[in-house]
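Participant: with the input below, show me the fold.
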Amino acid sequence: MAIDIGLALISPEGEIVMTNPMFDLAFGAIPHEQLLSRFGFDACREGGKVARPAIFPGDRIYWVDITSFPDGWLISAADISERLRQGIVGAELARTDRLTQLANRLVFHERLADLLAQPADVRRDAAVLTIDLDRFKAINDSLGRNIGDALLCLVAKRISSALTPSDVLARIEADEFGVIQVGRDQPDAAVILAKRLVDLLSRPYLLEGQLINVSAFVGIALPIDDELDVDGVLKNADLALHRAKQERYAGYRVFESAMDESMRARRALETDLRRALALREFSLVYQPQVNLQSRRVAGFEALLRWRCPRRGPVSPLDFIPIAEETGIIGPIGEWVLRTACRDAASWPGDYTVAVNISAIQFTNRSLVATVVSAIADSGLDPRRLELEITESVMLDARGNALAVLQQLRGLGVRVSLDDFGTGYSSLGYLRSFPFDKIKIDQSFVREASDDRGNRAIVRAIASLGASLGMATVAEGVETEDQLARVAADGCTDVQGYLISRPIPPGEIEHFLAESRNVIDAATEVSL
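Facilitator: The predicted structure is shown next:
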């Protein structure tokens, strides 16, 4: 039997830009925003990938596949209503999830629809929870799908052990589970369950002789609003789940209306961010790094700035996390790398330029080729390029970090470890790869005067760097007292407002011409 398939192309901004006749015939009467929501499309999800059934008026059931590609997403929707009625749908559309033997998303939707049809007093004692595993994709990629599948089965069993016979449990997507809790005082019962699940699912798992640690997050929605449908309740639960992931400390959140407003603002920011690169709204500024022994500028760190015509200047703290979550950091990071190399090639002297490389960029197999291309196109001496990575790179590169670092080192490029001490600090990183430089996070530098522990950390890192032959840069030096302390503690280099604020590329030559006077004025009392 031939199945007619509706096709639609979604832009990077999450708008339907092209459809085929079958798509228009089936869905033309439904507003686009509502339609995409019912499909389960969310541009903020990793990869934007969805494969699920969707129920529409008239009991028409469509199997929806959403696939991401560099210029947006492709949606295909096949009407499987007749095949379902005739009982000839394949195993992937069965009502039981083949892997975990739980109910699947279709069943979960049906049971939630049944709940929403109940009187208000029944719904008042119900809650919907969505549960998601943190870093499951990394585990699946690094240890293999067999381990990932076995982990999901154990997770399903642990969730089941925490539920009552009246609760409904389903596997909604790859590593996302859903629970419908009924007949309990809410939201207290849901919060108690969420805390239990966060604790239970975060305990170690032993699979094929390997001890695996994974954490879980829970979003809670209360189906008390008469105007909410199935998709609306699940959307609220997912918003609460997203907030729980952002905050991390508790592991769960109950939906609040402000979360929807926050997500709308986030999506609007993401839309502007996607357009910013094409519209050339980004720029670079450069913060000097000074060697304390020579009292000379050793190089500059490239810092990204975004001035949005509608928003004005946007802080990197606001847009970089979104760029990393959505993958936009890839093209933005390449632009930063190429621009920084081109700018540095025009500087007088042999000053280095440091460029931050995120963990997301580092997992891209073409990173080394991109670095080679940027160096070749700009004519920059590779020894003047310094790539700054954080400790998360060593975790997220799934075992490939060391090989990539060795390739970069083979090009002559310098590599520094940024924000050392703030993440998953491990001396093993410093032993496995000879970094050129360790950067000490500004939080240790600024708080050292009030906290002897921070002062001891700065001194220990500086001593470690000296023993390993690595330079140590103290970031965020703003006062003469801070400069005197980090110098006394053994740091080899500094950067911060005491030396200079970040400088536009057009002012670099002037700064260098005056740098001796600037540095002498900043350091004469302190050193």
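Participant: give me the most central residue, the protein.
Facilitator: For the chain, the residue nearest the mean C-alpha position is Glu325 (3.3 Å; C-alpha atoms, centre = their mean).
Participant: please confirm that that one is located within a strand.
Facilitator: No - Glu325 sits outside any strand when classified using DSSP: H, G, I helix; E, B strand; the rest coil, being helix.
Participant: and it, how far from Ser202?
Facilitator: Applying C-beta to C-beta, to the nearest Å, the value for Glu325 to Ser202 is 22 Å. Yep, even glycine has a C-beta here, placed from its N, CA and C like the rest.
Participant: ok, Arg266 next?
Facilitator: 27 Å.
Participant: swap in Gly183?
Facilitator: Taking C-beta to C-beta, one finds Gly183 at 27 Å from Ser202.
Participant: got it, and Met18?
Facilitator: Distance of Met18 to Ser202, given as C-beta to C-beta: 44 Å.
Participant: between these two, who's got more neighbours?
Facilitator: The neighbour comparison of Met18 against Ser202 (other C-beta atoms under 10 Å) goes to Ser202, with 16 against 12.
Participant: the more buried one and Asp134, how far apart?
Facilitator: Distance, Ser202 to Asp134, by C-beta to C-beta: 9 Å.
Participant: okay, and the common contacts of those two?
Facilitator: Listed as contacting both Ser202 and Asp134 by C-beta atoms under 8 Å, 6 or more residues apart in numbering are Val214, Ser215, Ala216.
Participant: among those, which ones are buried?
Facilitator: Val214, Ala216 (16 or more other C-beta atoms under 10 Å).
Participant: and which of the shared contacts of Ser202 and Asp134 is nearest Cys491?
Facilitator: If you rank those by distance to Cys491 using C-beta to C-beta, Ser215 comes first, at 34.9 Å.
Participant: which residues touch the closest one?
Facilitator: With C-beta under 8 Å, 6+ apart as the criterion, the residues that contact Ser215 are Leu133, Asp134, Arg135, Val198, Leu201, Ser202, Gly251.
Participant: so which of those residues comes closest to Ile438?
Facilitator: Nearest member of these to Ile438, counting by C-beta to C-beta, is Arg135, at 25.7 Å.
Participant: need phi/psi at the closest one.
Facilitator: Dihedral pair for Arg135: phi 70, psi 20, per degrees, to the nearest 10.
Participant: which residue sits closest to it, ignoring its sequence neighbours?
Facilitator: Excluding its sequence neighbours, the residue lying closest to Arg135 (C-beta to C-beta, 6 or more residues apart in numbering) is Val214, at 6.3 Å.
Participant: equivalent analysis for Asp225, please.
Facilitator: Gly232 (7.7 Å).
Participant: give me the element the one you found is part of.
Facilitator: If you go by DSSP states H and E, Gly232 is part of helix 230-247.
Participant: helices and strands around the next helix or strand after that helix, which ones?
Facilitator: Per DSSP H and E, the first helix or strand lying C-terminal to helix 230-247 is strand 252-254. Judged by 3 or more C-beta pairs under 8 Å, 6 or more residues apart in numbering; DSSP states H and E, strand 252-254 is in contact with helix 188-201, strand 216-221, helix 230-247.
Participant: relative to helix 230-247, how tilted is the second one?
Facilitator: Pointing back at strand 216-221 there. 140 degrees (axes from the mean of the first three to the mean of the last three C-alpha atoms, to 10 degrees).
Participant: show me what strand 216-221 is packed up against.
Facilitator: Secondary elements touching strand 216-221 (3+ C-beta pairs under 8 Å, 6+ apart): strand 127-133, helix 188-201, helix 230-247, strand 252-254.
Participant: direction included, what does that strand pair up with?
Facilitator: Here strand 216-221 is paired, per DSSP bridges, with strand 127-133 (antiparallel), strand 252-254 (parallel).
Participant: quick one: distance of the next helix or strand along the chain from the first one to the chain centre.
Facilitator: This means strand 127-133. Next helix or strand after strand 127-133 toward the C-terminus (DSSP H and E): helix 136-143. The chain centre lies 16 Å from the centre of helix 136-143; the measure is C-alpha atoms, centre = their mean, to the nearest Å.
Participant: got it, and stretch 128-138?
Facilitator: 14 Å.
Participant: please apply the same query to stretch 55-69.
Facilitator: For stretch 55-69, the distance to the chain centre is 28 Å (C-alpha atoms, centre = their mean).
Participant: same question for stretch 341-355.
Facilitator: For stretch 341-355, the distance to the chain centre is 30 Å (C-alpha atoms, centre = their mean).
Participant: equivalent analysis for stretch 62-79, please.
Facilitator: Distance, stretch centre to chain centre, for stretch 62-79: 23 Å (C-alpha atoms, centre = their mean).
Participant: when you give positions from now on, start the count at 122
Facilitator: Sounds good: first residue 122 from here, last item stretch 183-200.
Participant: and that stretch, what's buried?
Facilitator: For stretch 183-200, by 16+ other C-beta under 10 Å, it's Tyr183, Trp184, Val185, Ile187, Ser189, Gly193, Trp194, Leu195, Ile196, Ser197, Ala198, Asp200.
Participant: CA atoms only for stretch 299-314, dumped as PDB, please.
Facilitator: Provided in PDB are the C-alpha atoms of stretch 299-314 (Å, rounded to 0.1, in the frame of the first residue of the first chain):
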ATOM      1  CA  GLY A 299       7.300  10.200  31.400                       C
ATOM      2  CA  VAL A 300       5.300   9.500  34.600                       C
ATOM      3  CA  ILE A 301       1.600  10.300  35.300                       C
ATOM      4  CA  GLN A 302       1.000  10.400  39.000                       C
ATOM      5  CA  VAL A 303      -2.700  10.300  40.100                       C
ATOM      6  CA  GLY A 304      -4.700  10.300  43.400                       C
ATOM      7  CA  ARG A 305      -2.100  12.100  45.500                       C
ATOM      8  CA  ASP A 306      -1.900  15.600  47.100                       C
ATOM      9  CA  GLN A 307      -0.100  17.800  44.600                       C
ATOM     10  CA  PRO A 308       2.500  19.200  44.100                       C
ATOM     11  CA  ASP A 309       3.900  17.700  47.300                       C
ATOM     12  CA  ALA A 310       3.600  14.100  46.100                       C
ATOM     13  CA  ALA A 311       5.300  14.900  42.800                       C
ATOM     14  CA  VAL A 312       8.200  16.700  44.500                       C
ATOM     15  CA  ILE A 313       8.700  13.800  46.800                       C
ATOM     16  CA  LEU A 314       8.800  11.400  43.900                       C
END
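Participant: and it, what's buried?
Facilitator: Within stretch 299-314, the residues scored as buried using 16+ other C-beta under 10 Å are Gly299, Val300, Ile301, Gln302, Val303, Arg305, Gln307, Pro308, Ala310, Ala311, Val312, Leu314.
Participant: the fifth one contacts Leu284, correct?
Facilitator: It refers to Val303. No - applying C-beta atoms under 8 Å, one finds Val303 not in contact with Leu284, separated by 11.0 Å.
Participant: what does the strand or helix carrying Asp235 contact?
Facilitator: Taking DSSP H and E as the definition, Asp235 sits inside helix 226-237. By C-beta under 8 Å, 6+ apart, the residues outside helix 226-237 that reach it are 173-174, 176, 214, 216-217, 224, 243-244, 247, 249, 289, 291-294, 299, 301, 303, 344, 349-351, 354-355.
Participant: how about 6 Å then?
Facilitator: Applying C-beta atoms under 6 Å, 6 or more residues apart in numbering, the contact partners of helix 226-237 are Arg173, Pro174, Arg216, Ala247, Val289, Ala291, Ile293, Gly299, Ile301, Pro344, Val351.
Participant: PyMOL command for the buried members of these?
Facilitator: Per 16+ other C-beta under 10 Å, the buried members of the contacts of helix 226-237 correspond to this PyMOL selection:
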select buried, resi 173+174+247+289+291+293+299+301+344+351
